[in-house]
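**Student:** how would this look folded up:
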Amino acid sequence: MNKSEPNYERYVIIGLALTLLVILGFSFYWFGEAARLTHAAEDFAKERVQRGRVIYTEQCVSCHGADGEGGVGTVLNDKNLLKNTLDDILFSVTRSGIPSTQMPAWSVDFGGPLTDEDIKDVVAFIRAWEPNAPEIEPVAFEPDSARGALLFETTCAVCHGEDGLGGDEAPAINDTLRLASLDNNWYRSTIANGRPAKGMPTWGTVLSPNQIEDLIALVDAWREGVTVEAAFSVTELIGSAIFSLEEGDPDSAALHVSRALSVAEGTGAEVLRNAAAQLLDEDDAGALATLTALQEQWPLGDPVAGSEVYSTYCLPCHGAQGEGGIGPAMQPSTYIQETLNAEIVQFILEGRSGTAMASFEGRLTEEEIANVVAFLRGWQP
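**Tutor:** Below you'll find the predicted structure:
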């Protein structure tokens, strides 16, 4: 190398060394930063769960229980549910609610109190249960012969006669020899598929599988010689009898009154017997007046018993003192003041589609609902 030319080799080596040092420095930094970011993410997740715990306690406990064990609302602390439900689904259900159930929309976009971040916090809190969540076995459907009897009397008796004893259009079902010769699978298949050539409709497209099983339970009871009383709603039957009389159909009104008498007790039963006698004497106007007066007072409940039912089923949405919350205030309530007992009972049975007011049919008896109505009357001026 010419001595007059500058020697850059030393500078190159120094530059390479410095570059290596910088690279090593950044490597150590990023290793540390990755750990820091991971730690920060863990801290954020913990904070989200803690925020979710506070919101859950304030908004969700009354329906779903302090530990997600369920109550008015569904069980959330269930390993199967958490394993098979994505966070996005939990978020969506909480955000927009479930129509025709007691699960309202919680998002501010739908009139609720929670932001999307609040809802994410709640979902994180619920998700934190998963590692230790118990496996909840689903409640198995139990066929009920009383429900089957009600379904039979309102759907099948028109052809097969009351109590399945036969009619002009179809043979008797409640017949010892027939019941002994045909098994449940035959009845199940015949109900579902019908016998069109013999005038038996296909009921499988009308009745749910559970309803068909209720009818099979009724067949089993008849096979054992048990008499099953249909679980009629007196409230519905009084309304149906009044409607029939207003439409000039006293025969149907008499049928409704007869069915109501099969389950009514006390003073109400006495009034129904008077209405039945008036119909027998062809005093349709008198029967209409009697039934209308009964409807204005029916059903009469026990407010003390109603207080207990209210605390269990109504308090989470309407407040301990009826002050309202998810549901409207009950103390006072213009609706309660201006509506007949029977109409309130029917409303509670049916619920209101598209709101948090779900149907209580199958969860509360008519007597229990009547007791709640009596309790609510005590809150009115």
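**Student:** what stretches of the protein score poorly on pLDDT?
**Tutor:** Along the chain, the parts satisfying pLDDT under 70 run over 1-8, 10-11, 24-37, 99-101, 353-356.
**Student:** Okay, domains of it per the record?
**Tutor:** 11-132, 145-223, 234-297, 303-377 (automatic domain parsing).
**Student:** Export the ones you listed as a markdown table, with columns for mean neighbour count and distance to V139.
**Tutor:** Quick note: C-beta positions are derived from backbone N, CA and C, even for glycine. A markdown table is the format used below for these (neighbours: other C-beta atoms under 10 Å; distance: least, C-beta to C-beta, whole Å):
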| stretch | mean neighbour count | distance to V139 |
| --- | --- | --- |
| domain 11-132 | 15 | 10 |
| domain 145-223 | 16 | 12 |
| domain 234-297 | 18 | 27 |
| domain 303-377 | 18 | 12 |
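**Student:** Leaving out sequence neighbours, find the closest residue to T292.
**Tutor:** I242 (6.1 Å; C-beta to C-beta, 6 or more residues apart in numbering).
**Student:** Apologies, that question was intended for E135.
**Tutor:** According to C-beta to C-beta, 6+ apart, the nearest residue to E135 is K79 (4.7 Å).
**Student:** picking up where we left off before, nearest to P138, of the domains of the chain?
**Tutor:** Minimum separation from P138 across the domains of the chain (C-beta to C-beta) falls at domain 11-132, 8.4 Å.
**Student:** my guess is the residue nearest to E135 contacts E137, does it?
**Tutor:** No - using C-beta atoms under 8 Å, K79 is not in contact with E137, being 11.1 Å away.
**Student:** T290 falls within a strand, correct?
**Tutor:** No - assigned with DSSP: H, G, I helix; E, B strand; the rest coil, T290 falls outside any strand and is helix.
**Student:** Contact partners for it?
**Tutor:** 271, 274-275, 278 (C-beta atoms under 8 Å, 6 or more residues apart in numbering).
**Student:** Nearest to S258 among those?
**Tutor:** The closest of the contacts of T290, once distances to S258 are taken by C-beta to C-beta, is A275, at 10.3 Å.
**Student:** quick one: S252 and S244 touch, right?
**Tutor:** Yes - using C-beta under 8 Å, S252 is in contact with S244, at 4.0 Å.
**Student:** Spatially nearest residue to G167, not counting backbone neighbours?
**Tutor:** Nearest one to G167, counting by C-beta to C-beta, 6+ apart, is G161 at 3.8 Å.
**Student:** Who are the contact partners of that neighbour?
**Tutor:** 167, 170, 172.
**Student:** So what does T115 look like in phi/psi?
**Tutor:** T115 adopts backbone torsions of phi -80, psi 170, taken as degrees, to the nearest 10.
**Student:** Now do the phi/psi pair for the residue lying closest to it once chain neighbours are set aside.
**Tutor:** What sits nearest to T115 in space, not counting adjacent residues and going by C-beta to C-beta, 6+ apart, is V108, at 5.9 Å. Note on V108: backbone dihedrals following degrees, to the nearest 10 are phi -60, psi -20.
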